[in-house]
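# here is the input, now give the coordinates:
(one chain, ligands or ions: 1)
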Amino acid sequence: MNGIIVEAEIENIVDTVISDFDGDKTIDAVNIFNKPDKAEVTILVENLLRIIYPGYFRDRTYKIYNPNNSFAITIEDIFYHLNKQVTLALDFCKRRGTLTEESRAEESYRICKEFFSQIPKVREFIETDVLAAFDGDPAAGCFEEIILAYPGLFATTVYRIAHELYKLQVPVLPRLMTEYAHSQTGIDIHPGATIDKFFFIDHGTGIVIGETAVIGKNVKVYQGVTIGALSTRGGQKLSGKKRHPTICDNVTIYAGASILGGDTVIGENTVIGGNTFITRSIGANTVVSMKNLEMEYRTNNNELKTEEVVQSDEWYYII
Ligand SMILES: CC(=O)OC[C@H](N)C(=O)O
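This is a model prediction of the structure:
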């Protein structure tokens, strides 16, 4: 044996693997061409960046003497591929059983036209996100640095694009988009979240913002923040219910804070300190830190206590 496959055995090996592809399992799809294509969606996102930030992300078709022609080519290309992917997504997703008599192709075309009509609004929001980053971060030397380099702005931009498709009830594609951004940045913003203008993520990494989160204007979030659900044991029964917090205008959330629960509201102008664990509403104009936050917790003797959280050698967890 020299490490090379024995010809006579390869047939058996292939048969063993392929005979298991019986189509009964959820993970068996076999036909690659009847569902959205993850790689195509990644290309779509990169091309969409070129029209969201014209002149910032060059592609091979861009010609400085005729930029409008370059943009026209890019837009047509995006429309063609988006239309294809939306059609596949409508066809494929079992949860969307409520299409009208309109064919899926017509529905997809309508969705794509509607999506493109929202691009100026998306750009209006993203313009405010860039300003918020510049105002919020003295380390930012110029707007160009933010647009080209900041992972928070990249993830927010992809979220804002995906959110439009989510609102148009396109299955799967919005998640493929935001999960592409997640894979690039470690920032996981669900396309269903509602985020108002002037949103800024500084030092973005390890951030989670859940599907039903609502975030007001001028909110600033640092690394490691979770705006999440309290309990997901209910699984699909909780689908469509508000599971994630509401963050009002002008809130700052420092590194490592976890804010959880669909009824949790953080009032306007409030500051949430680092490494806090918040499962109830906090009023407006409040500063919450590990020094002054009252929490319920169980000791390792299973005793329920409610007291200020201070540094302690005793381990605890919040119920
Ligand atoms: C962000 C978060 O806590 O998500 C938990 C779960 N994926 C849900 O959406 O409920």
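
# pLDDT weak spots in the protein?
Residues of the chain that meet the criterion pLDDT under 70 lie in 1, 93-102, 290-300, 304-319.

# walk me through the domains of it.
Following automatic domain parsing, the chain resolves into domains at 25-188, 193-291.

# list the buried residues in the host helix or strand of residue 76.
For residue 76, the host element (DSSP states H and E) is helix 67-92. By 16 or more other Cβ atoms under 10 Å, the buried positions in helix 67-92 come out as 70-71, 74-75, 77-78, 81-91. For glycine as for every other residue, the C-beta is placed from the backbone atoms N, C-alpha and C.

# isn't residue 226 up against residue 189?
No. With contact defined as Cβ atoms under 8 Å, residue 226 does not count as touching residue 189 (11.7 Å).

# okay, and the common contacts of the two?
Shared contacts of residue 226 and residue 189, defined by Cβ atoms under 8 Å, 6 or more residues apart in numbering, comprise residue 207.

# neighbours around the residue nearest to residue 284 when sequence neighbours are not counted, how many?
Of all residues not flanking residue 284 in the chain, residue 267 sits nearest, at 3.2 Å (Cβ to Cβ, 6 or more residues apart in numbering). Using other Cβ atoms under 10 Å, residue 267 is surrounded by 17 other residues.

# how near is residue 267 to residue 286?
Going from residue 267 to residue 286 by Cβ to Cβ, to the nearest Å gives 7 Å.

# could you measure from whichever residue of the stretch 51-200 of the chain sits closest to the ligand over to residue 88?
Closest to the ligand within the stretch 51-200 of the chain is residue 190: 6.9 Å, counting by Cβ to the nearest ligand atom. According to Cβ to Cβ, residue 190 and residue 88 sit 22 Å apart.

# need the contact list for the residue positioned nearest the centre of the chain.
Most central in the chain under Cα atoms, centre = their mean is residue 189, positioned 2.5 Å from the mean C-alpha point. Going by Cβ under 8 Å, 6+ apart, residue 189 touches 155, 156, 158, 159, 178, 181, 182, 195, 207, 209.

# surely residue 170 touches residue 90?
Yes. Counting by Cβ under 8 Å, residue 90 is a contact partner of residue 170 at 7.4 Å.

# please enumerate the strands of the stretch 201-319 of the chain.
207-209, 214-215, 220-221, 226-228, 246-247, 252-253, 258-260, 265-266, 271-272, 277-278, 287-288, 294-298, 304-308, 317-318 (DSSP state E, counting those that start in this stretch).
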